[in-house]
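In: need the 3D shape of this:
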Amino acid sequence: MGLLLTDLPQDILIVIFVSLTVEDILSLKQTCRSLHTIGSADYVWRRSVIYFDLPLDLPGDAVVASLSSNELRDAVLNALKLDRKWRDPNLYPRKASCIISRCDTFVDALQILPGGKWLITFQVEQSSRTTVMSLWSLHDISHAVITFQTTFRGRIKSHQAFHDRVRKEIRIAVGSRTGDGCDSVRIYKVSTRAPESSPSSTPWSIVLETQPRELVDFGPLSEVRICGDIVTILFDNGMEREMQILCFNTSTRARVVITGLDLLHAPSVYLLFPKHFAFVGSGQCRELTLYDLPRSVLESSDIEDSLCEIREPIVTCHLIQYVGSTTSLLPSDGPTDSSSPQSSFALAGFPFFGYDDASETQMFVLRVAFHDIMNLGPSFSLTYASYKPSFANQQVMVGSSGCRAVWIAKGLDVGGCALQKFSAARAMREQVFPAATSSLMPAFSGLPFNPQDCQRLAFDEVSCRLCGSLLSGQVFALDY
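Out: Numbers count the residues shown, from 1 in each chain. Predicted coordinates for the structure are as follows:
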């Protein structure tokens with residue numbers, strides 16, 4: 001009589017389960033009690049979800065290592081259900097909830113954190129030349145509340161927030177410029193322990209606030225990025241002198257200035273990861289270069305500025321073979337949530353063209369993931385999708401997993417403008433789902449606004465939550 005699968009030692013069965021996709025684990029668990037028991041082990045699910053290709057909405061402020069197999073299974077099932085819904089070409093918003101009503105300010109920027117429960121808005125008061133930054137709790141979308149609010153002079157140049165689920169706090173890094181041309185940086189920590197609390201009772205603190213003209217010697221501020229405890233500020237001096245990066249550790253307050261960046265980095269996409277930073281070149285130099293963050297900013301507690309010459313990249317990859325040189329590249333953010341089981345980002349590419357009569361053309365999304373940087377390097381996943389060309393594609397928002405994206409396709413008139421969505425290709429057992437694009441919100445949809453009216457978009461690929469701001473100062477959240 002032949003050997004049955006259940007006759008194998010338990011450690012061998014665990015190795016088999018870990019090598020399967022989560023869909024196959026769900027199927028194998030249903031065959032018998034013994035395999036159901038092994039397939040329900042916390043270790044199996046914590047390892048398997050690392051390679052799950054859809055973004056997961058984890059419960060509460062949890063991270064993968066703290067969740068049980070049942071909780072991870074539910075998160076996977078919810079992700080699969082949401083993926084089927086997002087792929088539906090007949091999916092349209094049923095309701096638009098007003099977050100900010102009409103007011104005398106306009107919204108300069110928006111960001112939704114992974115999970116769709118937190119929204120950050122930056123409203124500009126033109127009369128006083130100040131910016132109001134608000135953190136909104138969207139746990140009840142019909143009753144959004146402000147849990148934190150502050151005001152500062154000037155307008156934002158760059159911003160990014162990071163949700164630390166372990167410490168139950170959101171860190172917000174903001175780079176701004178005042179009317180006299182001075183740049184400044186502020187970093188806030190806001191508690192998420194009481195999502196429905198009022199701004200006056202929410203614990204918060206300022207981790208860093210630069211003084212007037214403190215950053216003048218670095219040059220014009222270009223990008224502010226935050227990932228975990230690390231904040232980096234990229235200064236772009238154009239053709240005058242080398243670029244610099246100021247690194248800051250929000251826990252130890254260590255500061256390091258990276259020098260020696262050449263002019264090839266100037267027009268690049270800049271990204272930050274837990275222990276690395278990366279550039280993606282533009283034009284003919286479509287090259288990904290990945291560098292180590294200085295150990296002194298990761299480990300040191302020295303708060304005095306120290307200089308560090310940029311080292312050789314640990315990874316250099318040519319992207320021309322994936323993205324060509326005749327498309328415009330639009331990047332996602334890097335990791336913005338501590339629950340992400342892996343580091344990845346995505347690039348959306350649209351061909352350069354004006355409005356024509358072509359029935360359709362192709363766009364692509366390239367996903368770059370880092371599983372084992374030192375031994376394996378990054379992995380690349382490229383997917384193409386056909387879509388009807390438009391006069392211009394604006395407010396392109398692509399998720400860091402590369403699974404989903406949205407953008408406003410501008411037409412020559414209001415009727416030709418629509419909100420479009422993208423779904424990446426994926427395979428599940430013997431079934432293959434091709435990449436697809438479709439209209440998410442056409443013009444004259446019956447909602448309080450048209451896609452043509454949107455000035456800013458914020459999109460979360462984990463929950464598929466989408467928010468848009470209008471010229472009137474209003475902000476709406478779409479519900480499907």
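
In: so which residues of the stretch 101-250 of the chain form strands?
Out: 106-112, 118-125, 130-137, 145-153, 155-164, 169-177, 183-191, 204-209, 221-227, 230-235, 243-249 (DSSP state E, counting those that start in this stretch).

In: could I get the buried residue list for the fourth one?
Out: When you say that, I think you mean strand 145-153. Neighbour counts over strand 145-153 (16 or more other CB atoms under 10 Å) mark 146-150, 152-153 as buried. Placement of C-beta: from N, CA and C, glycine included.

In: same check, this time on the second one
Out: Burial within strand 118-125, assessed by neighbour count using 16+ other CB under 10 Å, is assigned to 118-124.

In: distance check, residue 385 against residue 333.
Out: Distance check for residue 385 against residue 333: by CB to CB, to the nearest Å, it reads 21 Å.

In: reformat the buried residues of strand 118-125 as a markdown table; add pLDDT.
Out: What follows is those, written out as a markdown table (pLDDT from 0 to 100):
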| residue | pLDDT |
| --- | --- |
| 118 | 95 |
| 119 | 96 |
| 120 | 97 |
| 121 | 96 |
| 122 | 96 |
| 123 | 94 |
| 124 | 92 |
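
In: wait, which of those is closest to residue 43?
Out: Closest to residue 43 out of the buried residues of strand 118-125 is residue 118 (30.6 Å), distances taken as CB to CB.

In: what does stretch 447-454 rub up against?
Out: Contact with stretch 447-454 is made by 93, 95-96, 98, 395, 408-410, 414, 417-419, 441-444, 468-471, 474, 476, 478, as judged by CB atoms under 8 Å, 6 or more residues apart in numbering.

In: just the buried residues of the residues you listed.
Out: 93, 96, 395, 408-410, 417-419, 441-443, 468-470, 474, 476, 478.

In: flag the shaky bits of the stretch 151-300 of the chain, pLDDT-wise.
Out: The stretch 151-300 of the chain contains residues with pLDDT under 70 at 195-200, 238-241, 263-267, 283-284, 300.

In: just want the most central residue of this structure.
Out: The C-alpha lying nearest the average C-alpha coordinate of the chain belongs to residue 333 (CA atoms, centre = their mean; 4.1 Å).

In: once you drop chain neighbours, what's closest to residue 65?
Out: residue 46 (6.4 Å; CB to CB, 6 or more residues apart in numbering).

In: the one you found is in contact with residue 72, isn't it?
Out: Yes. The pair residue 46 and residue 72 passes the contact test of CB atoms under 8 Å, sitting 6.9 Å apart.

In: the more surrounded of those two?
Out: Using other CB atoms under 10 Å as the criterion, residue 46 and residue 72 rank with residue 72 on top: 23 against 18.

In: tell me the SS of the more buried one?
Out: helix (DSSP: H, G, I helix; E, B strand; the rest coil).

In: thought residue 64 was touching it, still the case?
Out: Yes. Contact criterion CB under 8 Å: residue 72 and residue 64 qualify, at 7.1 Å.

In: can you count the residues close to the residue lying closest to residue 184 once chain neighbours are set aside?
Out: Spatially, and ignoring its direct neighbours in sequence, residue 184 is nearest to residue 210 (4.9 Å; CB to CB, 6+ apart). When neighbours are defined as other CB under 10 Å, residue 210 has 18 of them.

In: can you check residue 397 too?
Out: Neighbour tally, residue 397, other CB under 10 Å: 21.

In: could you do the one 4 residues further on as well?
Out: One way to gauge burial is a neighbour count; for residue 401, by other CB under 10 Å, it gives 25.

In: list the contacts of it.
Out: Here residue 401 is in contact with 53-55, 344, 346, 367, 461 (CB under 8 Å, 6+ apart).

In: any idea which element it lies in?
Out: Element membership for residue 401, per DSSP states H and E: none, as it lies in no helix or strand.

In: gap between it and residue 423?
Out: Distance from residue 401 to residue 423, by CB to CB: 12 Å.

In: equivalent analysis for residue 282, please.
Out: With CB to CB as the criterion, residue 282 and residue 423 are 27 Å apart.

In: if you count what's nearby, which of these two comes out ahead?
Out: Ranked by neighbour count (other CB under 10 Å), residue 282 and residue 423 place residue 423 first, with 23 against 16.

In: is it correct that the more buried one is in contact with residue 399?
Out: No. Contact criterion CB under 8 Å: residue 423 and residue 399 do not qualify, at 10.8 Å.

In: quick check: phi and psi on residue 85?
Out: Here is the backbone geometry of residue 85 (degrees, to the nearest 10): phi -70, psi -40.

In: what sits against it?
Out: Residue 85 sits next to 91, 464, 480 when contact means CB under 8 Å, 6+ apart.

In: among those, who's most crowded?
Out: Counting neighbours by other CB under 10 Å, residue 464 comes out on top of the contacts of residue 85 with 22 neighbours.

In: in terms of contact, does that one touch residue 477 like I think?
Out: No. With contacts counted by CB under 8 Å, residue 464 stays clear of residue 477, the gap being 11.4 Å.

In: need the residues touching each of residue 46 and residue 72.
Out: Shared contacts of residue 46 and residue 72, counting by CB under 8 Å, 6+ apart, come down to residue 64.

In: near residue 315, how many other residues are there?
Out: Residue 315: 15 neighbours (other CB under 10 Å).

In: contacting residues around residue 135?
Out: Contacts of residue 135 by CB under 8 Å, 6+ apart are 118-120, 146-149, 170, 172, 190.

In: hmm, 10 Å instead?
Out: 111, 113, 118-121, 145-150, 161, 170, 172, 188, 190, 192, 195, 199, 202, 204 (CB atoms under 10 Å, 6 or more residues apart in numbering).

In: again with residue 39
Out: By CB under 10 Å, 6+ apart, the neighbours of residue 39 are 13-14, 16-17, 20, 24-31, 45, 48, 69, 73.

In: swap the cut-off to 7 Å and go again
Out: Residue 39 sits next to 17, 25, 28-29 when contact means CB atoms under 7 Å, 6 or more residues apart in numbering.

In: is the residue nearest to residue 65 in a helix, a strand, or coil?
Out: Judged by three-state DSSP, the three-state class of residue 46 is helix.

In: ok, now which ones touch it?
Out: Neighbours of residue 46 in contact, by CB under 7 Å, 6+ apart: 64-65, 72.

In: then residue 55?
Out: Counted by CB under 7 Å, 6+ apart, residue 55 has contacts 79, 399, 401, 403, 461-462.

In: now, the residues you listed that are in strands?
Out: Using DSSP state E, no member of those sits in strands.

In: from the residues you listed, which two are the most distant?
Out: 79 and 399 (12.5 Å).

In: tell me which of those two has more neighbours.
Out: Each of residue 79 and residue 399 has its neighbours counted (other CB under 10 Å); residue 399 has more, 26 against 19.

In: ramachandran angles for the more buried one?
Out: Main-chain dihedrals, residue 399, degrees, to the nearest 10: phi -70, psi 150.
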